[in-house]
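Participant: What would the 3D arrangement of this be:
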Amino acid sequence: MTSSGTNRGEPSRPAPTAAPTAPTAAPADPAGPTGSAPSWTAAWELLLPAASAPARARGRTLQAALREAVRSGRLAPGTRLPSTRELAGDLGVSRGLVTEAYEQLTAEGYLRSDRGSGTWVGGAVRAVGPRARDLAPRAAGVRADFVAGSPDLSLFPRAAWAAAHRGVLAELPHQALGYPDPRGLPRLRTALAGLLVRRRGVVADPERVIVVSGVAQAMTLLGFALHARGTPRVGVERPGSPELGSLFASAGVGTVPLPLDDDGLAVAALEASGVRALVTTPAHQFPTGIAYSARRRAELLDWARSVDGLVIEDDYDGDFRYDRAPVGALQGLDPEHVAYTGSVSKSLAPGLRLGWLLVPASHFEEVVERKRTMDLGNPVLDQALLARFVERGDYDRHLRRCQRAYRERRDVLVAALEEHFPGTEVSGIAAGLHIVAALPRRYGPRDRFLERTAAAGVVVRPTTHYGATAVDGVRLVLGYAHLPPARIRDGVRLMAEAVGGRGAPDESASP
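Facilitator: Have a look, this model is predicted:
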């Protein structure tokens, strides 16, 4: 027998023209687990490809088919297999090829062979049905989804992205396909540094840029670095992102919710908390939409300097400002006390899993080392593709296109709320991808409102979902960027019909 899976000297011959006849099931092995053998015929069709496979692949094909029949349970433990002579005759292959297949699977534990009593399916394998579930967060049966946090994925620049992909494959040197610098490709770090300096006003040396798999990984990396330094807790905005707690907990760091006022995070509460690290969204606070005042930004930096602390700036949607130029990043004022992170999740698509992290020199080496041990760096092709996309101006063009579309959708949402829920107060509309809508109290109570909208197939999130203090009435965080204008109008109309909108409140609802 040879390693190729065919008998030495086996002549090449054409595949059988007629399908072989399935053999009769052999008697059950008295020592088998069930005492009776399942029908061999049930697994017969899995072996047929071996008969028509090319001669050099015939042995491998037969072994793979037998292996799959055992794994899938079509050949159950205790099933006796035909003799090598019988199976070879039925399949139209050499006996030596079947013998080699039996010997190989016996060595692997799929079969067992007792001298003089034949070959049986072993009991080591447990049948597992095929499973490939999709656990992506998608809501089924929804007529309108106003959950904040997603861009319009139909705006993804497929043509420009495909062109960049072809260009990258043509120009990428072979050696670049090896393990990358854990910080990221130099080309991408250079492109991102230029982009962030120009658009967000950060201080960005390409040597200090770290390419990450989105802001979630950036937070986890910083959590590990803080934990290694003995930092037990990190301050987070309340209300704020509900994911931060679990991200930092995975690194062994706790979170301390800190309240907001009209200017941003309340400094007095921050100082009283005793934390020395803080996560904040100063350009457009999530979810309230507050843009931190210049005074509050200065106070946060004064706090960080006084305790030798770290401010972690999440610039999650800083590129989308509709009333004036985007507010510059906090990091530009003090890069040695502010770690800055962002991603393409809101600008291009979250599925790309590409982002960036700038950290102070005091934390840089340990964050890079943690990144190296975590994943050995991001995929090279994806990095080179994004670099080219940024270098050629495609990223800026895409942002301009999205900004026009999202501004229109914001206006449509505000108008629809005024039409169907007159008296609604909206805030946080100057930037970002969502607004906060405070409906008149006559549409409460909140839980009844949410029950009725959910029954109508409309998904909304109250501010309490993000940690806000419960108040009378209904306060909603409404995402709009991912919805076409017509869907926004229909969604608000459905919501109004469910709860008695258009100024005609549900009389059964308590005030």
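
Participant: what about A136, which SS state?
Facilitator: coil (DSSP: H, G, I helix; E, B strand; the rest coil).

Participant: Can you get me a residue count around it?
Facilitator: By other C-beta atoms under 10 Å, 6 other residues sit near A136. C-beta here means a position set from N, CA and C on the backbone, and glycine is covered the same way.

Participant: isn't S250 right up against G223?
Facilitator: Yes: the pair S250 / G223 is scored as a contact, 7.1 Å apart, by C-beta atoms under 8 Å.

Participant: Who has more neighbours out of those two?
Facilitator: Using other C-beta under 10 Å as the criterion, S250 and G223 rank with G223 on top: 25 against 13.

Participant: which SS state does the more buried one fall under?
Facilitator: helix.

Participant: residues contacting it?
Facilitator: Contact analysis of G223 by C-beta atoms under 8 Å, 6 or more residues apart in numbering lists V234, L247, F248, S250, A251, G252, V253.

Participant: give me that answer again for 7 Å
Facilitator: Shown in contact with G223 (C-beta atoms under 7 Å, 6 or more residues apart in numbering): L247, F248, A251, V253.

Participant: what's the spacing between it and Y110?
Facilitator: Distance, G223 to Y110, by C-beta to C-beta, to the nearest Å: 44 Å.

Participant: now swap in D302 and tell me
Facilitator: 69 Å.

Participant: out of the two, which sits in the more crowded spot?
Facilitator: Y110 (20 against 13).

Participant: Quick check on the more buried one: phi, psi?
Facilitator: With angles defined as degrees, to the nearest 10, Y110 sits at phi -80, psi -40.

Participant: mind checking the SS state of the nearest residue to it once chain neighbours are set aside?
Facilitator: Nearest residue to Y110 in three dimensions, chain neighbours excluded: V70, at 4.7 Å (C-beta to C-beta, 6 or more residues apart in numbering). State at V70, reduced to three classes by three-state DSSP: helix.

Participant: can you check the one 3 residues further on too?
Facilitator: Classification of G73 by three-state DSSP places it in coil.

Participant: Quick check: the gap between it and E45.
Facilitator: On the measure of C-beta to C-beta, G73 and E45 end up 15 Å apart.

Participant: and what of L333?
Facilitator: From L333 to E45 the distance is 70 Å (C-beta to C-beta).

Participant: the more surrounded of these two?
Facilitator: L333 (18 against 13).

Participant: so what pLDDT did the nearest residue to that one once chain neighbours are set aside get?
Facilitator: With sequence-adjacent residues excluded and distances taken as C-beta to C-beta, 6+ apart, L333 is closest to L301, at 5.9 Å. In this model, L301 is scored at 98, pLDDT.

Participant: Now do the same contact list for L301.
Facilitator: If you count contacts by C-beta under 7 Å, 6+ apart, then L301 has L333, D334, H337 around it.

Participant: quick one: what helix or strand has the closest residue to the last one other than its chain neighbours in it?
Facilitator: Of all residues not flanking H337 in the chain, A304 sits nearest, at 4.1 Å (C-beta to C-beta, 6+ apart). Using DSSP states H and E, A304 sits in helix 294-307.

Participant: pLDDT wise, what is T24 at?
Facilitator: 45.

Participant: Angles on the backbone of D261, please.
Facilitator: Dihedral angles for D261 - degrees, to the nearest 10 - are phi -130, psi -170.

Participant: Look up how far R493 lies from it.
Facilitator: Taken as C-beta to C-beta, the span from D261 to R493 is 36 Å.

Participant: out of these two, which sits in the more crowded spot?
Facilitator: With neighbours defined as other C-beta under 10 Å, D261 and R493 compare such that R493 has more, 17 against 13.

Participant: you'd agree that one is in a helix?
Facilitator: Yes: checked against three-state DSSP, R493 lies within a helix.

Participant: mind listing what it touches?
Facilitator: R493 touches H420, counting by C-beta under 7 Å, 6+ apart.

Participant: picking that back up, how about the helix holding A304: buried residues?
Facilitator: Within helix 294-307, the residues that count as buried by 16 or more other C-beta atoms under 10 Å are R296, R297, E299, L300, L301, W303, A304.

Participant: Nearest residue to the fourth one in space, please, no chain neighbours.
Facilitator: Put plainly, it is L300. V311 (5.9 Å).

Participant: Tell me how many other residues surround that neighbour.
Facilitator: For V311, the neighbour count with other C-beta under 10 Å is 25.

Participant: What is the three-state secondary structure of it?
Facilitator: Strictly by three-state DSSP, V311 counts as strand.

Participant: how far away is the closest residue in space to G141 that isn't next to it in sequence from L333?
Facilitator: Using C-beta to C-beta, 6+ apart and skipping residues adjacent in sequence, the residue nearest G141 is G457, 6.4 Å away. Distance of G457 to L333, given as C-beta to C-beta: 46 Å.

Participant: secondary structure class for the closest residue in space to V499 that isn't next to it in sequence?
Facilitator: Excluding the flanking residues, the one nearest V499 by C-beta to C-beta, 6+ apart is R452, at 5.1 Å. Judged by three-state DSSP, the three-state class of R452 is helix.

Participant: Angles on the backbone of D317, please.
Facilitator: D317 has phi and psi values of phi -140, psi 40 when expressed as degrees, to the nearest 10.

Participant: Hmm, it is touching G432, no?
Facilitator: Yes: the pair D317 / G432 is scored as a contact, 4.7 Å apart, by C-beta atoms under 7 Å.

Participant: The two: which is more packed in?
Facilitator: Counted by other C-beta under 10 Å, D317 and G432 do not tie: G432 has more neighbours, with 29 against 25.

Participant: For the more buried one, which residues are in contact?
Facilitator: By C-beta under 7 Å, 6+ apart, the contact list for G432 reads H284, G289, D317, F320.

Participant: mind running it again at 10 Å?
Facilitator: Neighbour list for G432: 148, 281, 283-287, 289, 291, 316-322, 346, 406, 410, 479-481 [criterion: C-beta atoms under 10 Å, 6 or more residues apart in numbering].

Participant: can you pull the pLDDT of it?
Facilitator: pLDDT, G432: 92.

Participant: And for T41?
Facilitator: pLDDT, read off for T41, is 58.

Participant: closest to L81 among the buried residues of helix 294-307?
Facilitator: Among the buried residues of helix 294-307, A304 lies closest to L81 (C-beta to C-beta), at 71.7 Å.
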